[in-house]
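**Student:** Provided below for reference: sequence and predicted model.
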Amino acid sequence: MIIDQDGNTTLITQEKASIIELVKKIDILYDRFKNNNLIVNITKLDDVKLSDIVEFLQLSNKHRKAKHSFVIVSNSANLNEMPDEIIVVPSTKEAYDVIEMEVMERDLGF
């Protein structure tokens, strides 16, 4: 797991760990980036299923409840299968775009 800081956004890139291991590591280290927007990049995984994305749901809900963005980047997930409660995009650029939009919405009181 590689952690990069970019302003008020933390980018976590999955290396070799399974999705379950990655979620556990993020949960353990959560206090380090709980006040930042969070991007989890899992593009190194070839076949991302709905069940893999659902592993992040509790973490995403906790983070979004605290008024911070949580976005998963996967270019191999079927985006049409993803639940509305979690944001999955195919590129890091799109993840930053989503965060920018959500920050504007929060600033406007939405």
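**Tutor:** Received the coordinates, thanks. Residues are numbered from 1 along each chain as shown.
**Student:** buried set for the helix ranked longest in the chain?
**Tutor:** Assignment by DSSP state H gives helix 92-107 as the longest helix of the chain. Within helix 92-107, the residues that count as buried by 16 or more other Cβ atoms under 10 Å are 95, 96, 98, 99, 102, 103. For glycine as for every other residue, the C-beta is placed from the backbone atoms N, C-alpha and C.
**Student:** ok, now stretch 39-57?
**Tutor:** For stretch 39-57, by 16+ other Cβ under 10 Å, it's 39, 40, 41, 42, 43, 45, 48, 52, 53, 56.
**Student:** List just the nearest of those residues to residue 16.
**Tutor:** For those, the minimum distance to residue 16 (Cβ to Cβ) is 10.1 Å, reached by residue 45.
**Student:** Could you give the number of residues near residue 6?
**Tutor:** 11 (other Cβ atoms under 10 Å).
**Student:** which phi and psi does it have?
**Tutor:** Main-chain torsions, residue 6, degrees, to the nearest 10: phi -130, psi 90.
**Student:** Likewise for residue 3?
**Tutor:** Per degrees, to the nearest 10, the residue geometry at residue 3, taken as phi and psi, is phi -120, psi 120.
**Student:** Distance of it relative to residue 25?
**Tutor:** Distance from residue 3 to residue 25, counting by Cβ to Cβ, to the nearest Å: 10 Å.
**Student:** What are the contacting residues of stretch 34-47?
**Tutor:** Outside of stretch 34-47, the residues that reach it under the criterion Cβ atoms under 8 Å, 6 or more residues apart in numbering are 5, 8-15, 19, 22, 26, 48, 52, 56, 63, 66, 68-76, 92, 95-96, 99, 102-103.
**Student:** circling back to that earlier point, is it possible to export the buried residues of helix 92-107 to TSV including distance to residue 30 and pLDDT?
**Tutor:** As requested, the buried residues of helix 92-107 are arranged in TSV below (distance: Cβ to Cβ, whole Å; pLDDT from 0 to 100):
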residue	distance to residue 30	pLDDT
95	19	96
96	21	96
98	20	96
99	18	96
102	19	93
103	20	92
